[in-house]
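> what's the 3D shape of this:
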Amino acid sequence: MLTPVNHIDEFLPVIKSSFLSAGASNDLTKDNLLTRNLCLTDTDRYAMYYAPHNDDMNPDAVILIIGITPGFSQTRTAYRTLLDVLHKDPDASPQMLCHLAKVRSRFAGPMRRNLMDMLDQLGLPAYLSIPDSASLFNEHDRLLGTTSLLKYPVFRKHNGQLINYGGTSPSMLGDPYLTSFIRNSFTSELAAMPDLKLIIPLGKAVETAFLTIYPEYQHLVLRGLPHPSGVNAHRGQIFTENRRALEMKLQNNFSNSTDLR
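Down below sits the predicted model:
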């Protein structure tokens, strides 16, 4: 089996020296987090930086939720969590640091609530024998995997600023480095989760890129689920139009499943 790609062992000493040494700043701004010594690649259109939370993955996941790439808010939350733990326990293991960073930062806020509401309406909890979809992020999180196609945060360059990358300018499939990065990092992550029953891409850009690169997983993909972002004004309409097909997909994928609790 392929070994999932991660960089925590490489970057943890850098993080400790940057944020835990005497006189180091605890101000987690873009100027302090998106720095040369935490940069994985830098081009004229975008830059990719290290963040710890997606170096944690759940090999027992039954449900996998996939975003495009972590935004700055998620990145900052992951770093804040990691540093809080290190202040209390300087010898905390890299694996524990990444896990706690993921638990705290994954798809928080209105987007998570909107996604859980749609999955509840589709009846997902009944197939998993859990009370509601929100419990996937709490007492039943052993069933859940969360990640991004670009597992480390990518920021687009615009008017001298680094802004969250939304999957375009450039497109993930149109940029050789981004496409290669997905293949090199995401392939091993998928292979390490043999029990997957459902893959939930967040938005059309993720769905298209994922199915283009991994057509062999199309039987697992919940296609047509609108992006749960609060700024998606058409979310309700799209969900209503696609609801029957989405319900049938869940029924087909879980029809032969045993009790997953």
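> only C-alpha atoms for contact and neighbour calcs from this point on.
Noted.
> so what's Asn184 up against?
By C-alpha atoms under 8 Å, 6 or more residues apart in numbering, the contact list for Asn184 reads Val5.
> same question, Asp44
Applying C-alpha under 8 Å, 6+ apart, the residues near Asp44 are Lys157.
> Just the helices from the stretch 51-200 of the chain, written as ranges.
With helices called from DSSP state H, counting those that start in this stretch, the stretch 51-200 of the chain shows them at 72-88, 94-105, 110-122, 124-128, 176-191.
> closest to Leu211 out of those?
Of all the helices of the stretch 51-200 of the chain, helix 176-191 sits nearest to Leu211, with 12.2 Å by C-alpha to C-alpha.
> buried ones in the closest one?
178-179, 181-183, 185-190 (16 or more other C-alpha atoms under 10 Å).
> And stretch 167-175, by the same measure?
167, 172-173.
> With stretch 245-256 instead?
Buried residues in stretch 245-256 (16+ other C-alpha under 10 Å): 246-247, 249-250, 253.
> What are the contacting residues of stretch 138-152?
48-51, 54-55, 57-58, 60-70, 106, 130, 135-137, 178, 181-182, 185-186, 206, 210, 260-261.
> Buried subset of these as a PyMOL selection?
Selecting just the buried residues from the contacts of stretch 138-152 in PyMOL takes one command, with 16+ other C-alpha under 10 Å as the test:
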select buried, resi 48+49+50+51+54+55+57+58+60+61+62+63+64+65+66+67+68+69+70+106+130+136+137+178+181+182+185+186+206+210
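> The nearest residue to Leu136 once chain neighbours are set aside: neighbouring residues, count only.
Closest residue in space to Leu136, ignoring its immediate chain neighbours: Leu144 at 6.0 Å, by C-alpha to C-alpha, 6 or more residues apart in numbering. Leu144: 20 surrounding residues under other C-alpha atoms under 10 Å.
> Quick check: the gap between Leu144 and Leu196.
Taking C-alpha to C-alpha, to the nearest Å as the measure, Leu144 and Leu196 are separated by 9 Å.
> Common neighbours of those two, please.
The contact sets of Leu144 and Leu196 overlap at 61-64 (C-alpha under 8 Å, 6+ apart).
> quick one: the strands in the chain?
Along the chain, the segments classed as strands by DSSP state E run 39-42, 46-49, 63-67, 144-148, 154-158, 161-164, 198-201.
> elements contacting the first one?
So that's strand 39-42. strand 46-49 (3 or more C-alpha pairs under 8 Å, 6 or more residues apart in numbering; DSSP states H and E).
> Please save the CA atoms from the strand it packs on in PDB.
Presented in PDB, the C-alpha positions along strand 46-49 are these (Å, rounded to 0.1, in the frame of the first residue of the first chain):
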ATOM      1  CA  TYR A  46       0.000  31.200  -6.400                       C
ATOM      2  CA  ALA A  47       1.900  29.800  -3.400                       C
ATOM      3  CA  MET A  48       1.400  26.700  -1.300                       C
ATOM      4  CA  TYR A  49       2.300  26.700   2.400                       C
END
